[in-house]
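Engineer: Attaching a predicted model along with its sequence, questions to come.
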Amino acid sequence: MTTIPVIDLTPARLEGEAGMQRVAADIDRACRESGFFVVKGHGYAREIFAEAHAASKTFFQLPLTTKNQCRLSTGATLPQDPYTPYGYSGLLEENAFAYMGQQGKPSDYVEKISAGRLILNDNESLPFPDSDLGRDLRQKLKRYYQACDAIALNLTELFTIPLGVHRTYFSERMDRANDSMRSQLYPGLSAELLNDQGMGAHTDGTVLTLLTQTAPGIQVRINEGEWVAPVTADVDHIIVNIGDLMAHWSNHEYVSTEHRVVLGSQERQSIVFFKLTNEDELVQSGNKQMDALFGRENMAA
Ligand SMILES: O=C(O)CCC(=O)C(=O)O
Ligand SMILES: [Fe+2]
């Protein structure tokens, strides 16, 4: 039976080359099996994750009229970055099934506050509340973004080891990406809700996705239909999954697996970080370099 492994990154950070090799082999196996794994021991302070969740919760508790002021007047994106969502979106406004091209399915019971790479620049005008609370949320989400970006790049270094290419092969293609981050609140189940769909089944269009949660709720579809829940013992344990770009890039040696969120009895938060490639990076399978990476051809790194 496939389960979702918990991988401790500590040996990769502290035990030199041998530690890196061991951890890299575990990650490689998980990427081929379910495409999902949980990481701990990544070296970033727990408070970065806990505080981002706490500040998000404070935001979500604001009156709806205040949250609605954190929408972009121009729609969901900014002219400087037309592909990345920024600002607030409310319950039932998004539909993961529609994103997958499936029409006529229910929308998702989830509220979100989103930001992309522009959050790294404190002078950029972004749709957060113009208050101490809003400024605090922005700083906490910025730290979260920086930590996840760094952890994602560290993970890609581990990817290169079993593949036998130079250590920066992926990171140099992903270090300027317009990644996006969405802090999400799922309501607890109640009689007013039509169903228990927090987020419909979908795959991610990313290279990698990193996610932390305050309670269980995400489920992964393995073995042709069985749904399993990754186990995170703390708020700084990160659920990592392969997205469609990496699956495509690896000619489907690494799998991008469907997942969904089912509402529980209590409210739940997650913060998801979608890692993409640099804008100028063409991702194609059957690409000579990628064939070499995944052992389909001999080519020196
Ligand atoms: O909130 C979650 O646990 C899952 C979110 C997710 O899959 C997504 O945003 O793509
Ligand atoms: Fe997802």
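Structural biologist: Looks like it arrived, so ask away. Ligands and ions are numbered 1, 2, ... in the order given.

Engineer: What is the helix of greatest length in the chain packed up against?
Structural biologist: What stands out as the longest helix in the chain, according to DSSP state H, is helix 132-163. Helices and strands touching helix 132-163, as assessed by 3 or more CB pairs under 8 Å, 6 or more residues apart in numbering; DSSP states H and E, comprise helix 16-33, helix 46-60, strand 111-116, helix 171-174, strand 180-186, strand 208-213, strand 238-242, strand 268-275. All C-beta atoms are positioned from the backbone trio N, CA, C, and that covers glycine.

Engineer: now with 7 Å?
Structural biologist: For helix 132-163, the packing partners by 3 or more CB pairs under 7 Å, 6 or more residues apart in numbering; DSSP states H and E come out as helix 16-33, helix 46-60, helix 171-174, strand 180-186, strand 208-213, strand 268-275.

Engineer: Which one of the ones you listed lies nearest to Q146?
Structural biologist: Closest to Q146 of the helices and strands packed on helix 132-163, according to CB to CB: helix 46-60, at 8.4 Å.

Engineer: Just the CA trace of the closest one, in CSV.
Structural biologist: This file holds the C-alpha atoms of helix 46-60, laid out as CSV (Å, rounded to 0.1, in the frame of the first residue of the first chain):
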residue,chain,number,x,y,z
ARG,A,46,8.4,27.1,13.3
GLU,A,47,7.3,30.6,14.2
ILE,A,48,7.4,31.7,10.5
PHE,A,49,4.7,29.2,9.8
ALA,A,50,2.7,29.6,13.0
GLU,A,51,2.7,33.4,12.7
ALA,A,52,1.6,33.4,9.1
HIS,A,53,-1.4,31.2,10.0
ALA,A,54,-2.2,33.3,13.1
ALA,A,55,-2.1,36.6,11.1
SER,A,56,-4.2,35.0,8.4
LYS,A,57,-6.8,34.0,10.9
THR,A,58,-7.0,37.5,12.3
PHE,A,59,-7.6,38.7,8.7
PHE,A,60,-10.3,36.1,8.0
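
Engineer: In PDB, please show the C-alpha coordinates belonging to the helix or strand following that helix.
Structural biologist: Next helix or strand after helix 46-60 toward the C-terminus (DSSP states H and E): helix 64-68. The C-alpha trace of helix 64-68 is given here as PDB (Å, rounded to 0.1, in the frame of the first residue of the first chain):
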ATOM      1  CA  LEU A  64     -16.800  40.600   5.100                       C
ATOM      2  CA  THR A  65     -17.100  44.300   4.000                       C
ATOM      3  CA  THR A  66     -13.500  44.900   5.200                       C
ATOM      4  CA  LYS A  67     -12.200  41.700   3.500                       C
ATOM      5  CA  ASN A  68     -14.000  42.800   0.300                       C
END
